[in-house]
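*Asks:* Okay, here's the prediction I keep looking at, along with the sequence it came from:
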Amino acid sequence: MGKVYRLVATLVFLTLVGLRTEAQDPSFSQFFASPLNINPALTGNINGEWRLVSNLRYQWAGPAYPYVTGTISFDKKILRNKLPETSVLGVGGMLMYDKVMDGVLKSSYASLNVNYNIQVAGDDYSSHHVGLGFGGIYGNRRMDFSRLIFGNQFNGTTFDKNLPTGESSLAQMKPYFSTSVGMLYSYNTEYANVDVGGSAFHINKPKQTFVQDENQVLPVRYVGYANYQQLLSNILVLNANAIYQQQSTTSYFSIGGALGYYLSDPEETDDIIVNGGLWYWSKNAIIPYVGLVYKKFQVGITYDITISKLSAGTKRPTTFELSLILRGDREKQRGVIYCPWK
């Protein structure tokens, strides 16, 4: 029975591979907690010296094998003593891992980013900043044949996984290299902060297909977003943000926000904040969020309440995410409000 199930799953998977002419990058419900996946211009855009971020997403668990995506990233400000006080040079990198159907299809990539941010105007109470970032991405996708059964492996009685698959072309996917670029505008006041940015990934459209077709490429991913923070009182802070993303014919937007309640003195560097909020992912899910900031460490958890047609099944798919952020030493600065983006 297990072999029959795996054969059916294999046929479905290969059908999807044949129909899906272009690959897609993974997306996160907690996009605000995955900055290097959103825009290379966010590299080094930190309320501190450095930042270590990790994300884990389980998508559509329950009725089938989940899509599992994990990332870890690190970025840092450099040359602080050699640059003007109003300028920031940031460098960073990210590793991403993604698997489908319990590891039948695995994807991974590594990226390196650099960003330069300068203050273009300002006074003692507000400032305007712009940043320009660039990135390089090395990616690889492969199929695990040990988890699949093909028609050529039928020996007349049963399926023998030791026999050749007859699908050598599926193993000829080559690694790719792509580039990214992004811009960031920030406006800071004593009690509020606004970020607006845009970026494009895979600008060079590298070839990425299991089928030998020169026209099948990894399409450009366009991202636009806005982020707003406002200190509402000496114990409450509002974080609201939105994102729009398009890659080939697939697009979505997500919008929402969270309230943070200070359990510590906002004037101190060792913040203790409890966060709670809600986001809407267009035609897909309502996403509750809970999180905690404890000094240099931040954790966030989301659960996607599916509102798409997938929810009509007998068993609803389950999607949840975990984000972990560790920040380096930082000082309280006038006009800076700490938020999940930074």
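*Replies:* Thanks, I have the structure now.
*Asks:* sec struct for residue 32, please.
*Replies:* The assignment at residue 32 comes out as helix when based on DSSP: H, G, I helix; E, B strand; the rest coil.
*Asks:* so it makes contact with residue 242?
*Replies:* No: if you go by Cβ atoms under 8 Å, residue 32 and residue 242 don't touch, sitting 9.7 Å apart. No exception for glycine: its C-beta is placed from N, CA and C like everyone else's.
*Asks:* As a check, name the ranges of all helices in this structure.
*Replies:* 2-19 (DSSP state H).
*Asks:* so where's it uncertain?
*Replies:* Confidence mapping of the chain against pLDDT under 70 gives the ranges 1-23, 61-64, 101-103, 144-172, 209-215, 266-267, 269, 309-317, 331-341.
*Asks:* Quick one: residues contacting the spatially closest residue to residue 26 that is not a sequence neighbour.
*Replies:* Excluding its sequence neighbours, the residue lying closest to residue 26 (Cβ to Cβ, 6 or more residues apart in numbering) is residue 69, at 4.4 Å. The neighbours of residue 69, taking Cβ atoms under 8 Å, 6 or more residues apart in numbering as the test, are 26, 28, 55, 56, 57, 59, 96, 97, 98.
*Asks:* List the beta-bridge partners for residue 69.
*Replies:* Assessed by DSSP bridges, residue 69 has beta-bridge partners residue 57, residue 98.
*Asks:* And for residue 196?
*Replies:* Beta-bridge partners recorded for residue 196 (DSSP bridges): residue 185, residue 226.
*Asks:* Same question for the one 5 residues further on.
*Replies:* According to DSSP bridges, the partner residues bridging residue 201 are residue 180, residue 221.
*Asks:* what does residue 274 give?
*Replies:* Counting by DSSP bridges, residue 274 forms beta bridges with residue 261, residue 292.
*Asks:* List the contacts of it.
*Replies:* Residue 274 neighbours (Cβ under 8 Å, 6+ apart): 260, 261, 263, 291, 292.
*Asks:* make it 10 Å
*Replies:* 259, 260, 261, 262, 263, 290, 291, 292, 293, 294 (Cβ atoms under 10 Å, 6 or more residues apart in numbering).
*Asks:* is it true that the third one touches residue 237?
*Replies:* Yep, that's residue 261 we're talking about. Yes: contact criterion Cβ atoms under 10 Å: residue 261 and residue 237 qualify, at 8.3 Å.
*Asks:* The two: who's more crowded?
*Replies:* More crowded of residue 261 and residue 237, by other Cβ atoms under 10 Å: residue 237, with 23 against 13.
*Asks:* So which residues of the stretch 51-200 of the chain form strands?
*Replies:* For the stretch 51-200 of the chain, the strands defined by DSSP state E, counting those that start in this stretch occupy 67-78, 87-100, 105-122, 126-143, 176-189, 192-201.
*Asks:* Residue 302 is nearest to which of those strands?
*Replies:* Closest to residue 302 of the strands of the stretch 51-200 of the chain is strand 67-78 (Cβ to Cβ; 13.4 Å).
*Asks:* Nearest spatial neighbour of residue 297, chain-adjacent residues omitted?
*Replies:* Per Cβ to Cβ, 6+ apart, closest to residue 297 is residue 326, 5.6 Å.
*Asks:* wait, what's in contact with the one you found?
*Replies:* By Cβ under 10 Å, 6+ apart, the contact list for residue 326 reads 48, 50, 51, 52, 53, 54, 74, 295, 296, 297, 298, 299.
*Asks:* Kindly recompute the last result at 7 Å.
*Replies:* Neighbour list for residue 326: 52, 296, 297 [criterion: Cβ atoms under 7 Å, 6 or more residues apart in numbering].
*Asks:* try residue 46
*Replies:* Taking Cβ under 7 Å, 6+ apart, we find residue 46 in contact with 75, 77, 327, 342.
*Asks:* and it, how far is that from residue 330?
*Replies:* Distance from residue 46 to residue 330, counting by Cβ to Cβ, to the nearest Å: 8 Å.
*Asks:* The residue lying closest to residue 198 once chain neighbours are set aside: how many residues sit nearby?
*Replies:* Once flanking residues are discounted, residue 198 sits nearest to residue 224: 4.7 Å by Cβ to Cβ, 6+ apart. Residue 224 has 16 neighbours, counted by other Cβ under 10 Å.
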